[in-house]
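Undergrad: task: produce atomic coordinates for the following.
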Amino acid sequence: MSSAVVLRSVEAVGQRPITRIRQAGDHQLLVEYGDMTLDLTLNLRVHALRNELDQRPINGVTETAPGFRSLMIGFDPTRVDREDVLDELVERQRSLPELSSLVLQSRVIELPIAFDDEMTRQAVQQYRITTRPDAPNVVDGDNVDYIVRYNGFTSREEFYTEFLATTWWNAFIGYFPGLPSLFALDPRTHLSAPKYNPARMWTAEGAVGIGGPCVVLYPIESPGGYQLFGRTVPIGVDHLGPDDGRDRLNPAGTNLFHPGDRVRFTRVTERELLALRQQVFEGTYRYRIEEGEFVVAEYLAMVEHSAPRSAEVARARAAAAARVEVP
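TA: As a prediction, the model looks like this:
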């Protein structure tokens, strides 16, 4: 993207990456951290700024929407001048505390998952029949074995164990309303898979898939391009109780998930999942959500301590991926 669209920038200092503020629409600005790289600390900075704007609002700022390393900010030009918003954002960015001193509000959500279920297999089979019969990511009617080979696992059970042992960080909601984008907090459990090419025309509601390092949960039936490997309970707002998932920035509530949530999965059989889904539709299911805090210093210490092992895992994953055909 051309530097001409950068309206303001805050230079990198110490551990702080460069911050660029871009024009992103008639009444929108985009605060962007660092360079285009998969670094979860950039997302933590996004949430730190979002929390700062939540606690100390800027007059005329009407909404914020986090991405992985950026924060979209909408403002009302009848209430505040763009230059004033830019000045305030630069000042706020410079005054934010060091990353290691941050403690972010972060709920823990526990969800059931049934692996290799009938509905995700149906979506994969439909894709093979109607879109791409020779798709290398379709093996025996599903994507699971492709994910296993791409990540260098020896069996499905090894993949399932690794997935279940991982705590997943909800970096942002996208690419359509209600779809959480989850990333592994522990770099030693890094998973990845290439996306479909071309995309599927149908995905079951509740399906769980992975594209690149990102795991998503489909809140509605939709097209999709992530490799599917399981299904969970409905996560759309129509199924939520009064205490299940109302966003503090949107009291009317649109999502089960908030940006900055942590997600853990519990394995169930497909029969058990169908029973739980029935409870959701009957209004008797209670989503398991615990309020909590995410201490960034503890996360940074874990990343540093595990760096040698994380590098070994990354090399092994890359070697396995190099032996697998990409769709």
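Undergrad: next up, the contacts around Gly35.
TA: If you look again at residue 35, you'll see it is Asp, not Gly. Contact analysis of Asp35 by Cβ atoms under 8 Å, 6 or more residues apart in numbering lists 17-18. Quick note: C-beta positions are derived from backbone N, CA and C, even for glycine.
Undergrad: next, count neighbours for the closest residue to Ile18 other than its chain neighbours.
TA: The spatially closest residue to Ile18, leaving aside those adjacent along the chain, is Ala12, at 4.4 Å (Cβ to Cβ, 6 or more residues apart in numbering). Applying other Cβ atoms under 10 Å, we find 11 residues neighbouring Ala12.
Undergrad: where do the strands sit along the stretch 151-300 of the chain?
TA: For the stretch 151-300 of the chain, the strands defined by DSSP state E, counting those that start in this stretch cover 168-173, 180-184, 200-203, 207-211, 214-217, 222-224, 227-231, 262-267, 288-290, 293-295.
Undergrad: figure out which of those strands is closest to Val103.
TA: strand 293-295 (5.2 Å; Cβ to Cβ).
Undergrad: what comes up buried for that closest one?
TA: Phe294 (16 or more other Cβ atoms under 10 Å).
Undergrad: picking that back up, pick the most buried one from the strands of the stretch 151-300 of the chain.
TA: Most buried of the strands of the stretch 151-300 of the chain, by mean neighbour count (mean count of other Cβ atoms under 10 Å): strand 227-231, with a mean of 27.
Undergrad: partners of it in the sheet?
TA: In the sheet, strand 227-231 lines up against strand 108-115 (antiparallel), strand 207-211 (antiparallel) (DSSP bridges).
Undergrad: please name whichever of the strands of the stretch 151-300 of the chain is nearest to Ala314.
TA: Closest among the strands of the stretch 151-300 of the chain, using Cβ to Cβ: strand 180-184, at 12.0 Å.
Undergrad: who touches the residue nearest the centre of the chain in this structure?
TA: Centroid-nearest residue in the chain, with Cα atoms, centre = their mean: Ser181, separated by 1.9 Å. Ser181 sits next to 68, 170-174, 214-216 when contact means Cβ under 8 Å, 6+ apart.
Undergrad: out of the residues you listed, which comes closest to Pro198?
TA: Using Cβ to Cβ, Val216 comes nearest to Pro198 of those, at 17.7 Å.
Undergrad: before we move on, back to that, I'd like the strands of the stretch 151-300 of the chain as a markdown table, with distance to Asp54 appended.
TA: Listed next are those as a markdown table, based on distance: least, Cβ to Cβ, whole Å:
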| stretch | distance to Asp54 |
| --- | --- |
| strand 168-173 | 15 |
| strand 180-184 | 19 |
| strand 200-203 | 32 |
| strand 207-211 | 29 |
| strand 214-217 | 25 |
| strand 222-224 | 30 |
| strand 227-231 | 33 |
| strand 262-267 | 19 |
| strand 288-290 | 19 |
| strand 293-295 | 15 |
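Undergrad: appreciated, that's everything.
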